[in-house]
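1. Quick one, fold the following:
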Amino acid sequence: MSPRPAEVHLRHEPHTLRQNAVMRIVIEGHDLPGAEFASDGKPLHNVHVAVQIGKEPVGPVRGDAGSARWELDVRVVVDDDGGVDLRGAAVHGKKGERFLYLTWGDIGAHHKFAMFRRAKLMIGDIEPELLAAAARDDGALVASLSLTDERGGPRCARVKPPVISWRSG
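-> Here you go, the predicted model:
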């Protein structure tokens, strides 16, 4: 019997900014790598993945779950030239280089999340037309990705298409 999918709904109100819309971003992770991993030779036995909001891991999902899902609300700012910029506590990086973090950590005896690796979901890799349409329609963007890398470990570093796919939702 495979583990049940884990699902977390996050509604986070970032700092007040001038905005045109609120956009929902849904991150769907599949093919999780398992709850055991060795990082720098150290065995980890309770590996979880979470979305990073600010500096905190939020909505941790155990690494052997059947799937993971997070829902985030971000603010949309439309530049004078019509370009779409996303902002909020879940959005990291400077303008033109924005991204979302998935963070991997081992949860120890005191329920502390000890981060050992992160994955960057680059906003700049989203087709501009798709991003603009979701912003215009107060819609949602859905990211789908395998959370296991090519070596069988937790996916980390910059995650680029075709490993991640974005669609309207």
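2. just checking, residue 135 touches residue 84?
-> Yes. Counting by Cβ atoms under 8 Å, residue 135 touches residue 84, with 4.8 Å between them. For every residue, glycine as well, the C-beta is placed using N, CA and C.
3. Which other helices and strands does the biggest strand by length in the chain contact?
-> As assigned by DSSP state E, the longest strand anywhere in the chain is strand 67-78. With contacts taken as 3 or more Cβ pairs under 8 Å, 6 or more residues apart in numbering; DSSP states H and E, strand 67-78 sits against strand 8-9, strand 21-30, strand 47-53, strand 56-62, strand 84-87.
4. hmm, 10 Å instead?
-> Secondary-structure packing of strand 67-78 (3 or more Cβ pairs under 10 Å, 6 or more residues apart in numbering; DSSP states H and E): strand 8-9, strand 21-30, strand 47-53, strand 56-62, strand 84-87, strand 99-107, helix 128-136, strand 140-146.
5. so where is the protein shaky, pLDDT-wise?
-> Applying pLDDT under 70 to the chain flags the ranges 1-20, 138.
6. let's go with 80 and repeat that
-> Low-confidence segments of the chain, defined by pLDDT under 80: 1-20, 80-82, 136-139.
7. What residues does residue 30 make contact with?
-> 5, 65, 66, 67, 68, 69, 144, 145, 146, 147, 148 (Cβ atoms under 10 Å, 6 or more residues apart in numbering).
8. Please name the residues that touch residue 21.
-> 74, 75, 76, 77, 78, 84, 134, 135, 136, 137, 138, 139.
9. do the same with residue 86
-> So residue 86 contacts 23, 25, 72, 74-77, 95, 98-100, 123, 126, 131, 134-135, 141 (Cβ under 10 Å, 6+ apart).
10. one more time with 8 Å
-> By Cβ atoms under 8 Å, 6 or more residues apart in numbering, the contact set of residue 86 is 23, 74, 75, 76, 77, 98, 123.
11. Let's see if you can find the most crowded of those residues.
-> residue 74 (24 neighbours; other Cβ atoms under 10 Å).
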